[in-house]
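>>> What follows is a predicted structure for the sequence shown.
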Amino acid sequence: MDLGTIGGIAGGLVLLIATMWTGGDLGSFANLPSFLTTVGGTFAALFVAYPMSKLMGLGAITRHAIYKREDNPGEMIGMLVTFSEKARREGLLALEDDIDEVDDPFLKKGVQLVVDGTDPELVRSIMLTDLDKIEARHAMGKDIYDMAGLLAPAFGMIGTLIGLIQMLANLTDKASIGIGMGIALITTLYGAILSNLIFQPIAKKLESRNYDEILLKEIMLEGTLSIQSGDNPRIVKDKLTSFLPPSVRADVATEVS
Amino acid sequence: MDLGTIGGIAGGLVLLIATMWTGGDLGSFANLPSFLTTVGGTFAALFVAYPMSKLMGLGAITRHAIYKREDNPGEMIGMLVTFSEKARREGLLALEDDIDEVDDPFLKKGVQLVVDGTDPELVRSIMLTDLDKIEARHAMGKDIYDMAGLLAPAFGMIGTLIGLIQMLANLTDKASIGIGMGIALITTLYGAILSNLIFQPIAKKLESRNYDEILLKEIMLEGTLSIQSGDNPRIVKDKLTSFLPPSVRADVATEVS
Amino acid sequence: MDLGTIGGIAGGLVLLIATMWTGGDLGSFANLPSFLTTVGGTFAALFVAYPMSKLMGLGAITRHAIYKREDNPGEMIGMLVTFSEKARREGLLALEDDIDEVDDPFLKKGVQLVVDGTDPELVRSIMLTDLDKIEARHAMGKDIYDMAGLLAPAFGMIGTLIGLIQMLANLTDKASIGIGMGIALITTLYGAILSNLIFQPIAKKLESRNYDEILLKEIMLEGTLSIQSGDNPRIVKDKLTSFLPPSVRADVATEVS
Amino acid sequence: MDLGTIGGIAGGLVLLIATMWTGGDLGSFANLPSFLTTVGGTFAALFVAYPMSKLMGLGAITRHAIYKREDNPGEMIGMLVTFSEKARREGLLALEDDIDEVDDPFLKKGVQLVVDGTDPELVRSIMLTDLDKIEARHAMGKDIYDMAGLLAPAFGMIGTLIGLIQMLANLTDKASIGIGMGIALITTLYGAILSNLIFQPIAKKLESRNYDEILLKEIMLEGTLSIQSGDNPRIVKDKLTSFLPPSVRADVATEVS
Amino acid sequence: MDLGTIGGIAGGLVLLIATMWTGGDLGSFANLPSFLTTVGGTFAALFVAYPMSKLMGLGAITRHAIYKREDNPGEMIGMLVTFSEKARREGLLALEDDIDEVDDPFLKKGVQLVVDGTDPELVRSIMLTDLDKIEARHAMGKDIYDMAGLLAPAFGMIGTLIGLIQMLANLTDKASIGIGMGIALITTLYGAILSNLIFQPIAKKLESRNYDEILLKEIMLEGTLSIQSGDNPRIVKDKLTSFLPPSVRADVATEVS
């Protein structure tokens, strides 16, 4: 689990609530209608903006931001180099037995195509299409959070405008002006917190996660093609470790031998 | 029909109207001249910004955002794989009889070109041009809604400025200041709601719809070229299902056999 | 003539002036110094931002936004198909006589190169360079209006700041505060109207016009190359009509026979 | 010299100062500390943002915006066509004598490579790298002015915030509130003028200048490669004039003969 | 060390503090809770936005902005030309002895691949992947500072909203209104200074540093490939110096002989 996502949001909220507390009464910051306007408006607009099927997947996408995948590119490279050694020794068909060991469906499909003797150009084209569409689906998740990050402050401002207009219609009671104005500003505050502490940062984290996952899949793609073309296992390792930062390459070396 | 678009707009409006109601008199939020300034100004500027012919198509574009097309990429793949089996068994000319069954004009034209024995490079180039221009025309629809999403708050602000200047010219009547100010803010409120609940989200939904339609057409393009090059039907299926998310691929498998 | 550009601006202005009128005295919205600050400042900055030669062409560019070119891609395709039939029947040299009929200098040059027996790769490269630079020159026109759309509200705000500072230096005369403030806001209003009703929408319309013109030139380019490579006229028509929306293709069919 | 840059800035300043004057006392707009905060803050941040070496080149870059280069693409094309005629008549080596006449180091290097019998692919690659890096260095100049255009209003706002906080700490002296507020706004005014009349427009002009220079260098590149490949001088002229707007091409015709 | 980064921040702070001082009491600008809200909120959101591993690397990235690398592209070109001379005289294997002298791991790997007789296409592909991923990792560093530059003013505004709401809840004590308002504005001031003097400019400097480092690595890549393909050392030098600005090329000439 990635403590950063949950911890950052919790820490930020504690900090902001502490700031509210020091200044006096915490009650002036709690207003259910304001909360409903900001959150409800944002959700209503998201239903207009995205097909139901994509919004339904938002839970899975969010889990992606919270939990860190336990992918290990070094181990993956080790496996691919082992495959390449075996393929050179015993032929591509020998990899048939290893397909079941492969967990990742993307790599599984690639190795299966290679074992079936598919034309290399076709293998590349099929795997690239797959990669391309995975990236497009991930981008959609980020896009929803980005849009929420734009909508939340907008509906916060809409709530504030509604509060201001109500207040201005009843200026006779001077004592309540400050309070009315304060309530009006609360929706803007809610929108700003939702956008800057939750929605926009989660969109960014999804971008990072996507980058890591695509990197791993690029390694699988290059590895599969290298295995098929019968590259020297040393070259396969050189090729695949060049996807990693130098600091991590040493680990791969020891793992692979 | 996609309940999201209509339902989201309706739900959002109900929520905002409820918020207005709880604060007192709903009447302070209704102002016909303010509405006319925001909506009229936005439309006037759209007429400057886009050729009449493109604005005329706005109704059809909007229907696209409300109704969900009943496209089924899995079925399409099934049909293309069947075509590829037939073409391998009986030759490309045998597809002539199937052209009438094809509803989509893009695929119909592609299969026709293949049956006519057109050079593969030409088939690809013609279909790619077609795809490219479809995408450009769809992008125009999204662009109009994006522009409306920018213009509505701008004309909202213009209306508010007009109201403020009028109010400031008559500061003598102190009692009416609040009311004048409230009316001035209403155009900003209208502009913000139009932009954030309707125009911007519809632009986003059109983007999703366009993505889905282009994906389907890419499947048609790749399928047509695969059929022409005489690919193994199993490979055709592998190639085309790689356009779909893994969760949907199983369905294709059962449909196709 | 495109009524949209002129009509949209006129309609928008009428609407806004009507709104000003209903609120009372139209005179509070007329202020020559404010107008000069906004428009003069915008123009001064445009002279800094663009070479004189490009600003001199602004009249011609603006005319482009107002008048609709009477281009007819269907007719153009008809002409190109006719050329391709003639070239196949009588040879490329036979097109020499038709060059004079061609009005468009881009197509004229292309056909001349083909008749002269220029290498196809060279014809493509020369025509693509030409197309590329036409697009760059058009983009400049749009860019100037975009920049004006940014500058006008900025100078509007500068005028408002000047007005506010003047007012704040003379707070003694309380009666005039409101009036001074109103005058200060007028420059912001002028800037917002210029930007949102005129400059930004015209930039958008120029983008549409450019798209249409480039589309036509792409048809000419593809047509010329198809004629040179001796493609079957039926294929030439298929290739070129794929640039058009399906709804228009039927017209081409009847025109071409 | 390009009167536009200097003239536009001067004209804009005169206009704004006139507006300040008409409203009363010009003195309320002059405030040295405000000026220092805006300009000093912007410069301090630029030193953080760019390596010293790049900021040192800012003078040369600015001169680029003020002075118009006396480049003449028509003349350049004339020279290249003459070279191509000579090369076809007397061989590529004959161009050795003409290298000294070439002023531009980019073209000089290209012709030298051709005379030395360098492989055409290498000539293209070397010249393209050169062109690419020239463009990157120019983009840096524009980038600095763009950044200054963002920083100036930001530091203007920072100055205004400082002024407001100072004023709010001393609300007892009611008479000075207006004056304090006015002074606070002056930094925002300075920032807006610097950004919108000077920094942003100069960034735009540098973009234009860069476009013109790169266009000229593209002509040199294409010309050099055409000469090396022994293209017909008529073709060389056709190829190179396609970089120019049609209105200018006639001039080239007369110059070249 | 690059005095610009530290010096610019220090200079900017001194200037701003001086401005605060001249206006009266410096104490009205110091407020620990405001500082904690702005900085703490920004950091909390960064933990949500980026994986822990990437934030951990922020120290190293920042050092990159402060210290100037002592890279010398001219020297590097000299070394590569020497290598190319040796390789032509004594064969590629002779470079084995020089690998230990190479400090840069990117070039070391490249030369090792060449000495091992790896296929040129593979060398290019491995080095390009490496380069691509280096660039992506650097971009992440810039991205974190860019995000901080967006978050700081946002949390500044959130702090100001909290302060305003607190103040509006206690309007009875008129004397404290100004002071409360002043305190509220301090968080906006802190956010603006952090963003515009520190975060955004450092992001820009990292971009410059990245550009310089990638340029050096492009020279290494092109040099390695030129050496492998046995290019004439004179050509190698021409090729590699075209990456540098003309003003620096002369130095290379003297260094290389």
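Perfect, thanks for sending it. Numbering: from 1, shown residues only, chains lettered A, B, ... in the order given.
>>> what sits up against stretch A:42-52?
The contact list for stretch A:42-52 (C-beta atoms under 8 Å, 6 or more residues apart in numbering or on different chains) reads A:55, A:140, A:144, A:147-148, A:151-152, A:155, A:194, B:2-5, B:7-9, B:11-12, B:15, B:68, B:196-198, B:200-202, B:204-205, B:208-209. (C-beta placed from N, C-alpha, C; glycine too.)
>>> Spell out which residues of the stretch 151-257 of chain A are next to chain B.
A:151, A:154-155, A:157-159, A:161-166, A:168-171 (C-beta under 8 Å from any C-beta of the partner chain).
>>> give me the low-pLDDT residue ranges for chain A?
A:1-2, A:24, A:172-176, A:253-257 (pLDDT under 70).
>>> name the helices or strands packed onto the strand or helix carrying residue A:204?
With elements taken from DSSP states H and E, the one containing residue A:204 is helix A:200-228. Applying 3 or more C-beta pairs under 8 Å, 6 or more residues apart in numbering or on different chains; DSSP states H and E, one finds that helix A:200-228 makes contact with helix A:3-22, helix A:58-66, helix A:73-90, helix A:105-115, helix A:120-168, helix A:233-241, helix E:32-49, helix E:120-168.
>>> out of the ones you listed, nearest to residue D:220?
Smallest distance to residue D:220 across those (C-beta to C-beta): 28.0 Å, for helix E:120-168.
>>> Roughly how far does the spatially most central residue of chain A sit from residue A:135?
Centrality entry for chain A: nearest residue to the mean C-alpha point is residue A:206, 1.7 Å, by C-alpha atoms, centre = their mean. As judged by C-beta to C-beta, to the nearest Å, residue A:206 and residue A:135 stand 12 Å apart.
>>> any chance of the helices and strands packed on helix A:200-228 in TSV, plus mean neighbour count?
Formatted as TSV, these follow (neighbours: other C-beta atoms under 10 Å in any protein chain shown):
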stretch	mean neighbour count
helix A:3-22	18
helix A:58-66	16
helix A:73-90	20
helix A:105-115	20
helix A:120-168	21
helix A:233-241	22
helix E:32-49	22
helix E:120-168	21
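>>> Nearest approach to residue C:28 belongs to which of these?
helix A:120-168 (20.9 Å).
>>> what angle sits between that closest one and helix B:200-228?
Orientation of helix A:120-168 against helix B:200-228 (axes from the mean of the first three to the mean of the last three C-alpha atoms, to 10 degrees) gives an angle of 170 degrees.
>>> and helix A:120-168, is it in reach of chain E?
No - using C-beta under 8 Å from any C-beta, helix A:120-168 never reaches chain E; the gap is at least 9.0 Å.
>>> contacting residues around the helix or strand that that helix is followed by?
Next helix or strand after helix A:120-168 toward the C-terminus (DSSP H and E): helix A:177-193. Contacts with helix A:177-193, where a contact means C-beta under 8 Å, 6+ apart, come from A:13, A:16, A:28-29, A:31, A:34-35, A:37-39, A:152-164, A:166-167, A:170-171, E:154, E:157-158, E:161-162, E:164-165, E:168-171.
>>> Now do helix A:177-193 against helix E:175-193, angle only.
Using the same axes, to 10 degrees: helix A:177-193 against helix E:175-193 is 20 degrees.
>>> any idea of the angle helix A:177-193 forms with helix A:32-49?
40 degrees.
>>> quick one: helix A:177-193 to chain centroid distance?
31 Å (C-alpha atoms, centre = their mean, to the nearest Å).
>>> got the angle between it and helix A:3-22?
170 degrees.
>>> For helix A:177-193, which residues meet the burial criterion?
Neighbour-count burial for helix A:177-193, counted by 16 or more other C-beta atoms under 10 Å in any protein chain shown, picks out A:177-193.
>>> residue in the stretch 51-200 of chain A nearest to chain D?
residue A:178 (16.5 Å; C-beta to the nearest C-beta).
>>> my read: residue A:61 touches residue A:139, true?
No - because the distance of 11.0 Å does not satisfy C-beta atoms under 8 Å, residue A:61 is recorded as not touching residue A:139.
>>> With adjacent residues omitted, what lies nearest to residue A:203?
residue A:145 (3.7 Å; C-beta to C-beta, 6 or more residues apart in numbering or on different chains).
>>> what's near enough to touch the one you found?
Contacts of residue A:145 (C-beta under 8 Å, 6+ apart): A:199-200, A:202-203, A:206.
>>> do residue A:233 as well
Per C-beta under 8 Å, 6+ apart, neighbours of residue A:233: A:81, A:84-85, A:88.
>>> quick one: it from chain B, how far?
27 Å (C-beta to the nearest C-beta, to the nearest Å).
>>> Check the gap between that residue and residue B:65 for me.
53 Å.
>>> and what of residue A:190?
Distance from residue A:190 to residue B:65, by C-beta to C-beta: 29 Å.
>>> What of residue A:116?
Taking C-beta to C-beta, one finds residue A:116 at 43 Å from residue B:65.
>>> go on, residue A:35?
To residue B:65, residue A:35 is 29 Å away according to C-beta to C-beta.
>>> cool, and residue A:4?
In terms of C-beta to C-beta, residue A:4 sits 37 Å off from residue B:65.
>>> now residue A:47
Relative to residue B:65, and taking C-beta to C-beta, residue A:47 is found at 12 Å.
>>> intersection of neighbour lists for those two?
residue B:5.
>>> For chain C, what's its nearest residue on the stretch 1-150 of chain A.
Nearest to chain C in the stretch 1-150 of chain A, going by C-beta to the nearest C-beta, is residue A:150, at a distance of 19.8 Å.
>>> burial of the residue of the stretch 1-150 of chain A found nearest chain D, as a residue count?
Relative to chain D, the nearest point of the stretch 1-150 of chain A is residue A:23 (16.4 Å; C-beta to the nearest C-beta). Neighbour count for residue A:23, taken as other C-beta atoms under 10 Å in any protein chain shown: 21.
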